[in-house]
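1. need coordinates for the following:
(4 chains)
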Number of protein chains: 4
Amino acid sequence: MKNKIRLGMVGGGKDAFIGAVHRMAARMDDKYEFVAGCLSSTPKKAKISANEINLDLNRSYPDFKTMAEEEAKREDGIEVVSIVTPNHMHSKPAIAFLEQGIHVICDKPMTATMDEAYNLYNAVKKNDLHFLITHNYSGYPLVRELKSLVQNGELGNIRSVRGSYLQGWLGLKEEDTGNNKQAEWRTDPKRSGAAGGVGDIGSHTLHLIEFITGIKLQSVAADLSTFVKGRKLDDDASIFLRMENGVKGSISVSQIAVGEENNLSISIYGEKASLKWNQENPNQAEFNKVGHHKQILTRASFTPSKGSFANVRIPPGHPEGYIEAFAQLYSDFADLIRNKNGSKDIRKILPNEDDGLHIMKFINSCVYSSNNNSKWINLDTI
Amino acid sequence: MKNKIRLGMVGGGKDAFIGAVHRMAARMDDKYEFVAGCLSSTPKKAKISANEINLDLNRSYPDFKTMAEEEAKREDGIEVVSIVTPNHMHSKPAIAFLEQGIHVICDKPMTATMDEAYNLYNAVKKNDLHFLITHNYSGYPLVRELKSLVQNGELGNIRSVRGSYLQGWLGLKEEDTGNNKQAEWRTDPKRSGAAGGVGDIGSHTLHLIEFITGIKLQSVAADLSTFVKGRKLDDDASIFLRMENGVKGSISVSQIAVGEENNLSISIYGEKASLKWNQENPNQAEFNKVGHHKQILTRASFTPSKGSFANVRIPPGHPEGYIEAFAQLYSDFADLIRNKNGSKDIRKILPNEDDGLHIMKFINSCVYSSNNNSKWINLDTI
Amino acid sequence: MKNKIRLGMVGGGKDAFIGAVHRMAARMDDKYEFVAGCLSSTPKKAKISANEINLDLNRSYPDFKTMAEEEAKREDGIEVVSIVTPNHMHSKPAIAFLEQGIHVICDKPMTATMDEAYNLYNAVKKNDLHFLITHNYSGYPLVRELKSLVQNGELGNIRSVRGSYLQGWLGLKEEDTGNNKQAEWRTDPKRSGAAGGVGDIGSHTLHLIEFITGIKLQSVAADLSTFVKGRKLDDDASIFLRMENGVKGSISVSQIAVGEENNLSISIYGEKASLKWNQENPNQAEFNKVGHHKQILTRASFTPSKGSFANVRIPPGHPEGYIEAFAQLYSDFADLIRNKNGSKDIRKILPNEDDGLHIMKFINSCVYSSNNNSKWINLDTI
Amino acid sequence: MKNKIRLGMVGGGKDAFIGAVHRMAARMDDKYEFVAGCLSSTPKKAKISANEINLDLNRSYPDFKTMAEEEAKREDGIEVVSIVTPNHMHSKPAIAFLEQGIHVICDKPMTATMDEAYNLYNAVKKNDLHFLITHNYSGYPLVRELKSLVQNGELGNIRSVRGSYLQGWLGLKEEDTGNNKQAEWRTDPKRSGAAGGVGDIGSHTLHLIEFITGIKLQSVAADLSTFVKGRKLDDDASIFLRMENGVKGSISVSQIAVGEENNLSISIYGEKASLKWNQENPNQAEFNKVGHHKQILTRASFTPSKGSFANVRIPPGHPEGYIEAFAQLYSDFADLIRNKNGSKDIRKILPNEDDGLHIMKFINSCVYSSNNNSKWINLDTI
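-> Numbers count the residues shown, from 1 in each chain, chains lettered A, B, ... in the order given. The predicted structure is shown next:
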């Protein structure tokens, strides 16, 4: 892209996992230049981190407020900021940048609390800026192709959906070891919000189901569990789903499923066909049409179906992975901001503030249902 | 076995799928001779079927009552009968044979109704005979090895379990085509009982979870669905589980999951390790111990763990399948009846009348919960 | 089958692996009764073995010669004999029975030496009896379906083939442990013949390639190795193939590939499509047509293609295995002997004396080529 | 990296596949800045391409000679050049830059002819500069971990190796369609060299075997085929290997294996254990130790073994792919040039001019052997 987008970042300092992923993603397609940051809430650490990744120290800020104000003043100030902090630090920084006219890329879930979610949602709408929430699995080429197959009617009416995201990294009490910052904040209600695993990975699972099917969740019944003694948030959950058009289903979530890494899998069953995809092997998907042999779709091997936003960088059989999928969101968001051809359609598939708020309702509905003996709860009542 | 067990069969005539499987299973290890039958409720068809499979026509009976009485009179009368009829025809024949002192092998689920289940249960207890309910997946060598690993403490305390049995054969309204007898009775409440898919395959899923873990289900919350218009029983379901020792989990069941064949999978997550097994690839299982690489157990490649009842017929890498697993139940039941060495221990792992009744409670609890807005229901209250 | 075939066996006593498999295979479809045997070359052991498996001791013979003569005299004498001894003990017993008018089922490879192979071949032709060589992998339903797909032109002209059979059970010097009889004779040139692994499993691999493609091997170049010190026969080999119609390919064989169990895989590449199958997961095959998605054929899920001899016993998703495939050869051979409808076509797909002799030429050509610096050798010159 | 390396490129204009991959790889870890290029042999197209990817047009050169000279004059001239042209255009440009003191990254195989290979090899040695040949599969984290396991003796002595690289993209005569530039030059002896598939992908396969095992090939026997009528180079091949230390093996190569994408697989069998890896699913490998269960190594889930150069960017279960592996070579090469800590060890694992020349001998030995009735040929005699 001739005219690269100037990008800033809040969070993502030394040792933070996801900040580095965002930067690799932003670099992949060469559409951004990373020029400013407030990489840590500790100003000293922010500076060290900035130095390490070669950032101009004049644009390494001690706090997000200063950063928003100073960058807004500059002619060459950032156009987009990435918020890669823990959940409770999404809303305020995001709003600060929005109010300075700066587009926002925000980690999921949108915020820690419903109140914060509404505030942020309103700020996006008020300022009429672009907001991207990084449900990154929707950037995988095959996921987008599956969405397109559904849209083109290949499955007929959808009947039932099954999603599952199983991890084992919280099988022990990692939050007490003193060397796992992510475990600490993810299991802390003040920083993470009302839910643990459901907020962290249940959110991705629901987004993916809705993204592929184009059908929205209406109500849930949930049974959340905390298996590790003394942990403050759920680390395992089973969720029933009732969606628009009579679609039903379930989501299974765990962070204490020892032996599992990032086992996110989605199955969509329609009247005429079904689709299955697993994130750990993302370059293929199963497509089963009634009366036909099982078909394996492999990334890049097929002509994308009509309207597909599947983008492939390399030939079939050469695997693309997680970073590429993440990069796709950045790439598309850049095109949206630059108002490139097709950006209207791209907008429709990028996870935005509406998704962010809706998924916050999902998370909080699950917690409410579980606290009330798994009774059914409509998302609109949260 | 020198002294073969004389076996009879009720049901299993022409075109019936499961009767032929029972006979292949009984033949595999050469411990039975098949000598009498009432292969159809239609006497003429019974005769034709008997003739086709080479049965002595003098011992092909027009009804189960006559068969039970006549066989009991003979010195060389049957010692065991296999009941392979639709669910509503389990209880009466089984009781008739039990009352003549004949052991019973019975298809699952135990009966169509709870009342019938109690009657049959009581008849077994009263007559002090052996009763085998063919939860055949428990005969797979690796399933038994997994049970043994759990028993030997390899997983530590179990935390959560996930089971799923997905089929697609009822995606269309097969019961109306006129050429699918199994679809007809499976979707008919009079013949099948209160549940469709949950009774047919949900029952297997729960048995397998309990078999491997040795932990019993206490309560369920369920959401049963009927997706095919006009169908009278559930064809898709999501179920929450609460078990002894604080174990929690979920079961997912479908018979409208087009593209699925017999996708039965079980995952068991403990504090120290997890186990995963899938029926469609039954010669291997995944064993993940915290701090170790993922391990793949393959049938016959390992020294069975202490106390394992895993029996292998052929070397590793040569697949054994469904018929072999089924045969294992027949083989073990023969040893039990002949009171062979170890038959006391074998008794503990063969699915019996207690399992049969318990699983009937599970099925009926799921239906009750689903009819009551998915509320939690304790199995003891059914 | 009303009129069961009377079956005898030479070899297959206590502790012998393959004899028990033959008997399970013969029982599966209830077309044979097993009535006579010479189960060991040691008369005492023969008797003990006969007793253990419930054979009438009057028909347990001390040697194959007596057995052939005595059984031929009886009105109810055996009609078929299974020869399940080491290779050097195939030819003489087989000829003895053939000369008494008894059909023969014989383990592979046909014999230990080329001379024996010609003798046996001529005896079959002279006596005009049926001869089955148990290349059992050709009994798998999907293997037969693949053959049919090729025959129906789905692949267009075949170009190249790849076969591989990898085992690890001879990674150590098992033949010296004193408790591995199979290892002893398989590595002994006097009992096994000129080749070790190439004869034992290379033979299966070639048969399967020729069975599926219908195309015959013409010449080979081979590099045989013996990795375990002091072993007398090859335990690893690479082989180039040149076949009719310009088809080329390779076979890879090992018995020292530690970690491998029975990893037999076949790939067939044609102009229009390719097929892939692996014995360790025999219920599915890959079918790739140019311009189409990858397709997975699953056993029993499809209408068999025109002319297919694929026989399925149970529904899709319930795995059938090695014993079932073996049983299929027995079942088909029974139909052939009873001259059932279609037996003419069945004859064409059952491995017979022509295959037996041809594969002996393959084995001995490989040894010759390897001993001559891997030079190309035409099978007709052996 | 603070002090980014200034990078130029020869080739890689519009529509070229591999040039774009090189640029994504160079960007991923932010150690390079791309500042100059001669992106096409057609000056006009070079300019258009340069413009498209935002290159300073003053540093877009009409030919590699000018580029080498001009860049050498600049104080901020390039330090490294990537040569991503067809094989016959590797040697001259590479030498031109080497003579200006510029390090070279070069696509594989090294050159089209043996003469060119020696010239380039000598130029590297004479100028004492760094030379990287992009055998990119050696950058996959698990491949490097496998190398380390071998080095640490986990396999004991290695016995046999098997490599296979199967593609189907040349199943039809793509070189005649007029819209497949890669097919055109890859099948053209003038641009590609003496071999087709063996040069293109056989080269990768051998490198990977040697990389993991640390053992060098000594001699080959080969059977190369051309299945597509009128094609000028091999499109399918079988190769026997004899390596140092008595290791033997085989390589199978095809570009007409329809249905295959980039099916590159490697198996290494030692006395104590075996390793298996497949490029299409590169985040896991199989590790089979005698007497242990099969183990699955997953990227990032384990503590790398001693001395491993496996670098992981993201947590286990989130797949890394082809671009990341490619990026690893760029990243390591940057560290080598900047003489970072450990660069001495890094040098040992980066594919260099020695590998380049050795693999040229392999390619040409295969062609020679195949032209001489598959006779064994020692690489040193080429």
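2. kindly list the main-chain dihedrals of the residue of the stretch 51-200 of chain A found nearest chain D?
-> As assessed by Cβ to the nearest Cβ, chain D sits closest to A:Asn54 within the stretch 51-200 of chain A, at 5.6 Å. To be clear about C-beta, it is placed using only N, CA and C from the backbone, and glycine gets the same treatment. With angles defined as degrees, to the nearest 10, A:Asn54 sits at phi 80, psi 20.
3. pretty sure it is touching D:Asp30, no?
-> Yes - the criterion here is Cβ atoms under 8 Å, and A:Asn54 meets it with D:Asp30 at 7.2 Å.
4. more neighbours, these two?
-> D:Asp30 (17 against 14; other Cβ atoms under 10 Å in any protein chain shown).
5. that one reaches A:Arg27, doesn't it?
-> Yes - using Cβ under 8 Å, D:Asp30 makes contact with A:Arg27 at a distance of 6.4 Å.
6. any idea which residue sits dead centre in chain A?
-> Most central in chain A under Cα atoms, centre = their mean is A:His135, positioned 2.0 Å from the mean C-alpha point.
7. is the longest helix seen in chain A up against chain B anywhere?
-> Secondary structure assigned by DSSP state H gives helix A:353-371 as the longest helix of chain A. No - Helix A:353-371 stays clear of chain B (Cβ under 8 Å from any Cβ of the partner chain), getting no nearer than 9.9 Å.
8. what lines up beside the helix or strand just after that helix in the sheet?
-> Using DSSP states H and E, the helix or strand that follows helix A:353-371 towards the C-terminus is strand A:377-378. If you go by DSSP bridges, strand A:377-378 pairs up with strand A:217-225 (antiparallel).
9. before we move on, the earlier item: relative to A:Phe326, how far out is the residue nearest to the centre of chain A?
-> In this view, A:His135 and A:Phe326 are 10 Å apart by Cβ to Cβ, to the nearest Å.
10. before we move on, what about A:Asn262?
-> 13 Å.
11. is A:Lys108 in contact with A:Leu132, as I believe?
-> No - using Cβ under 8 Å, A:Lys108 makes no contact with A:Leu132, being 10.3 Å away.
12. need the residues touching each of those two.
-> Residues within reach of A:Lys108 and of A:Leu132 at once, by Cβ atoms under 8 Å, 6 or more residues apart in numbering or on different chains, are A:Pro351.
13. and what about the residue with the largest distance to the centre of chain A, helix, strand or coil?
-> Distance from the C-alpha centroid of chain A peaks at A:Gly291, with 35.9 Å (Cα atoms, centre = their mean). Three-state call for A:Gly291 (DSSP: H, G, I helix; E, B strand; the rest coil): coil.
14. next: A:Ser164.
-> strand.
15. report pLDDT for it.
-> Note on A:Ser164: pLDDT of 98.
16. what's A:Val161 sitting at in phi/psi?
-> With angles defined as degrees, to the nearest 10, A:Val161 sits at phi -130, psi 150.
17. so, low pLDDT: which residues of chain A?
-> Within chain A, the stretches with pLDDT under 70 are A:1-2.
18. in it, which spans are strands?
-> Secondary structure of chain A (DSSP state E): strands at A:5-10, A:32-38, A:80-83, A:103-106, A:131-133, A:158-166, A:217-225, A:236-243, A:248-254, A:263-270, A:273-278, A:284-289, A:294-298, A:377-378.
19. possible to save those strands as JSON lines with mean neighbour count?
-> Listed next are those as JSON lines, based on neighbours: other Cβ atoms under 10 Å in any protein chain shown:
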{"stretch": "strand A:5-10", "mean neighbour count": "25"}
{"stretch": "strand A:32-38", "mean neighbour count": "23"}
{"stretch": "strand A:80-83", "mean neighbour count": "27"}
{"stretch": "strand A:103-106", "mean neighbour count": "24"}
{"stretch": "strand A:131-133", "mean neighbour count": "25"}
{"stretch": "strand A:158-166", "mean neighbour count": "26"}
{"stretch": "strand A:217-225", "mean neighbour count": "23"}
{"stretch": "strand A:236-243", "mean neighbour count": "25"}
{"stretch": "strand A:248-254", "mean neighbour count": "27"}
{"stretch": "strand A:263-270", "mean neighbour count": "24"}
{"stretch": "strand A:273-278", "mean neighbour count": "24"}
{"stretch": "strand A:284-289", "mean neighbour count": "21"}
{"stretch": "strand A:294-298", "mean neighbour count": "19"}
{"stretch": "strand A:377-378", "mean neighbour count": "17"}
